[in-house]
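Engineer: Curious how this folds, go ahead:
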Amino acid sequence: MKNIKQKKRVLILGLGQFAKGSGISAALYFARLGHSIRVTDQKSEHDLAANVKRLKRFKNVVFVLGRHRLSDIRWADIIVRNPRVRPDSPEMVLASRLGKQVESDISLFLKNCPCPVVGVTGTRGKSTTTGLIGDMLEKSGFRTWIGGNILVSPLTFASKVRAGDKVVLELSSWQLESTGLLGQSPHIAVITNLMRDHLNSYENMEAYAEAKAQIFRHQKPDDFLVLNSSDLFCKKFAPEAPSEVLFFGADKKNDAVLTKDFLVWKDRGSAKKLIRLERKRLKLMGDHNALNVLAAGLTARLAGANWQAIKRSAVSFKGLENRLETIRVWNGITFINDTTATTPDATIAALKALKPKFKKIHLLMGGTDKVLEFDGLAKELKPANVSISVFEGTAYEKVAKALKKRGIPFYKANSLRAAFAQHLKNAVAGDAVILSPGCASFGMFKNEF
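Structural biologist: Predicted coordinates for the structure are as follows:
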């Protein structure tokens, strides 16, 4: 990456706890270049101990922990905002009023990346689709870098990327807010779907959707946008795109089509060249994952992957950690970690994928409310052979009300350990025990992992 030659006063607004997260990666990047750094976070030094320790060897780094200060906003030449720091926070309102240069790890990377970037967003499936695209490109022989909201800041590999490489980034709505303000969009953009989520952070679905739309708003005519043809917001986005639009889904007119028995990708410029893939061969469970494979294959082909590699990846890809991940089969009981399912729609998708495969499902769910509704999830649970435990948390009353309305019994759990023990007493061979919260994982948890 091109270095900023003149020494600057850089404020890292939110250090974060993840080892390769946006805050720590930006702090390390600027610290190594010799800039004057202030690192602030609302969490304590104890909570951030591992990342603080990595920065303490730099004499040009100062810490302000347990709070954010407006005086630090005034001090800074460059502010690197953690995605969790909202635009309407007092710090960002002041930064905007003062005309401060506000960046994110994603915007810094995009400014200097020497190769075209694939960006993937959506409410559900964006991590799996990102991983699949990366795998397809790697199997095609490209040196490939995967990062973004997938817990790896691209600044961790920025200095290693070369012109002939491929970069695939998962991008959240919060990350896209920052790139949108700077007029940045990736060369190939993918939107998997848009469902209700983060309505505790956004005024309504339209505001949430517009944050996601920044992934294509600043594209050029020679860029590409890959959309889900069955998603209402994606349909609305298509005529607004400045780039070339391609569709995936069940519609036979699409560029990639999901049929009853096959995944079909149409080769650009030729109606004859098709790849057909029996869905039964996929290692990923559920129709939602079949759509992820479909979107990934279409996108990877646009990015230069060959058909043979796309097919090999589609049948061999086992998925990512924490997403319908089989942890162990013990005494015939399958234990599944789906902890990143933090919306009711995600838990519904998990249930639909698992019900045909198991005699009974033991569901551990609940957590922090994101101003979402649970009637649809209760409806999915009503006819199912499912045993349910609901964690204590701000979403508990809302979840309980939806379940009681349909006469669905459940167990109130004050800890993950208690819920697990409850289900373990009743589970038998052929059953599945799954953690799929359907809510944000805070309160009794540190985060969704």
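
Engineer: Skipping adjacent residues, who's closest to Ala413 in space?
Structural biologist: What sits nearest to Ala413 in space, not counting adjacent residues and going by Cβ to Cβ, 6 or more residues apart in numbering, is Ala419, at 3.6 Å. Using the backbone N, CA and C atoms, a C-beta is placed for each residue, glycine as well.

Engineer: before we move on, what about Ala19?
Structural biologist: Ala50 (6.8 Å).

Engineer: got the contact list for the strand or helix carrying that neighbour?
Structural biologist: Using DSSP states H and E, Ala50 sits in helix 49-55. Here helix 49-55 makes contact (Cβ atoms under 8 Å, 6 or more residues apart in numbering) with 15-17, 19, 21, 23-24, 27-28, 31, 37, 39, 45, 61, 63, 65.

Engineer: Now do Lys53: how many residues are near it, please.
Structural biologist: 10 (other Cβ atoms under 10 Å).

Engineer: What separation do you get for it and Gly66?
Structural biologist: According to Cβ to Cβ, to the nearest Å, Lys53 stands 17 Å off from Gly66.

Engineer: do Leu55 as well
Structural biologist: Leu55 is 16 Å from Gly66, by Cβ to Cβ.

Engineer: Do I have it right that Asp369 meets Thr394?
Structural biologist: Yes: contact status for Asp369 versus Thr394: in contact at 4.4 Å, counting by Cβ atoms under 8 Å.

Engineer: quick one: which of these two has more around it?
Structural biologist: For Asp369 versus Thr394, neighbours defined as other Cβ under 10 Å are more numerous around Asp369 (19 against 16).

Engineer: Helices along the stretch 1-150 of the chain, start to end?
Structural biologist: Taking DSSP state H, counting those that start in this stretch as the criterion, the stretch 1-150 of the chain carries its helices at 22-32, 49-55, 70-75, 90-97, 105-112, 126-139.

Engineer: Need the residues that contact the longest one.
Structural biologist: It stands for helix 126-139. The contact list for helix 126-139, computed with Cβ under 8 Å, 6+ apart, reads 118, 120, 122, 144-146, 148-150, 166, 168-171, 190, 192, 284, 289, 292-293, 295-297, 299-300, 303-305, 309-310, 312-314, 317, 319-320, 323, 340.

Engineer: Can you turn the buried part of the residues you listed into a PyMOL selection?
Structural biologist: Buried residues within the contacts of helix 126-139, by 16 or more other Cβ atoms under 10 Å, are selected in PyMOL with:
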select buried, resi 118+120+122+144+145+146+148+149+150+166+168+169+170+171+190+192+284+289+292+293+295+296+297+299+300+303+305+309+310+313+314+317+319+320+323+340
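
Engineer: low-scoring stretches of the stretch 251-400 of the chain, by residue?
Structural biologist: 268-273, 279 (pLDDT under 70).

Engineer: for the stretch 201-350 of the chain, what spans make up the helices?
Structural biologist: 205-217, 232-237, 287-302, 307-316, 344-354.

Engineer: from the chain's centre, how far out does the first one sit?
Structural biologist: When you say that, I think you mean helix 205-217. Relative to its chain's centre, helix 205-217 lies at 15 Å (Cα atoms, centre = their mean, to the nearest Å).

Engineer: what's the answer for the second one, then?
Structural biologist: Relative to its chain's centre, helix 232-237 lies at 20 Å (Cα atoms, centre = their mean).

Engineer: same question, stretch 366-376
Structural biologist: That offset, for stretch 366-376, works out to 18 Å (Cα atoms, centre = their mean).

Engineer: mind saving the C-alpha coords of it as CSV?
Structural biologist: The C-alpha coordinates for stretch 366-376 follow below in CSV (Å, rounded to 0.1, in the frame of the first residue of the first chain):
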residue,chain,number,x,y,z
GLY,A,366,-32.5,-16.2,22.6
GLY,A,367,-30.4,-13.2,23.6
THR,A,368,-30.5,-9.4,22.9
ASP,A,369,-33.4,-7.8,21.1
LYS,A,370,-32.6,-6.0,17.8
VAL,A,371,-36.2,-4.7,17.3
LEU,A,372,-37.1,-7.8,15.3
GLU,A,373,-40.2,-10.0,15.3
PHE,A,374,-40.5,-13.7,16.2
ASP,A,375,-44.0,-14.6,14.9
GLY,A,376,-42.5,-16.1,11.7
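
Engineer: What residues of it count as buried?
Structural biologist: Buried, per 16+ other Cβ under 10 Å, within stretch 366-376: 366-370, 372, 374.

Engineer: And stretch 158-166, by the same measure?
Structural biologist: Within stretch 158-166, the residues scored as buried using 16+ other Cβ under 10 Å are 158, 161, 165-166.

Engineer: what mean pLDDT does it have?
Structural biologist: Throughout stretch 158-166, pLDDT has a mean value of 97.

Engineer: And that stretch, end to end?
Structural biologist: 12 Å (Cα to Cα, to the nearest Å).

Engineer: and if you look at stretch 386-400?
Structural biologist: So stretch 386-400: terminal residues 15 Å apart, Cα to Cα.

Engineer: re the thing from before, buried ones among the contacts of helix 49-55?
Structural biologist: 15-17, 21, 23-24, 27-28, 31, 37, 39, 61, 63, 65.

Engineer: Now render the residues you listed as CSV, adding distance to Leu176 and pLDDT.
Structural biologist: Below are the buried ones among the contacts of helix 49-55 laid out as CSV (distance: Cβ to Cβ, whole Å; pLDDT from 0 to 100):
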residue, distance to Leu176, pLDDT
Leu15, 21, 96
Gly16, 18, 92
Gln17, 22, 90
Gly21, 17, 93
Gly23, 18, 96
Ile24, 21, 97
Ala27, 22, 97
Leu28, 23, 97
Ala31, 26, 96
Ile37, 25, 97
Val39, 24, 98
Val61, 28, 97
Phe63, 29, 97
Leu65, 28, 96
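
Engineer: could those residues be laid out in a markdown table, adding distance to Met92?
Structural biologist: Listed next are those as a markdown table, based on distance: Cβ to Cβ, whole Å:
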| residue | distance to Met92 |
| --- | --- |
| Leu15 | 17 |
| Gly16 | 17 |
| Gln17 | 21 |
| Gly21 | 19 |
| Gly23 | 15 |
| Ile24 | 20 |
| Ala27 | 19 |
| Leu28 | 23 |
| Ala31 | 23 |
| Ile37 | 19 |
| Val39 | 17 |
| Val61 | 22 |
| Phe63 | 20 |
| Leu65 | 19 |
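
Engineer: Sort out which one of those residues lies nearest Lys405 for me.
Structural biologist: Gln17 (37.6 Å; Cβ to Cβ).

Engineer: Next, that closest one: phi, psi?
Structural biologist: Backbone torsions for Gln17, taken as degrees, to the nearest 10, come to phi -110, psi -20.

Engineer: What spatial separation is found between it and Ala440?
Structural biologist: Remark: distance between Gln17 and Ala440 (Cβ to Cβ) = 16 Å.

Engineer: swap in Leu277?
Structural biologist: 35 Å.

Engineer: try Leu225
Structural biologist: 29 Å.

Engineer: No more questions from me, cheers.
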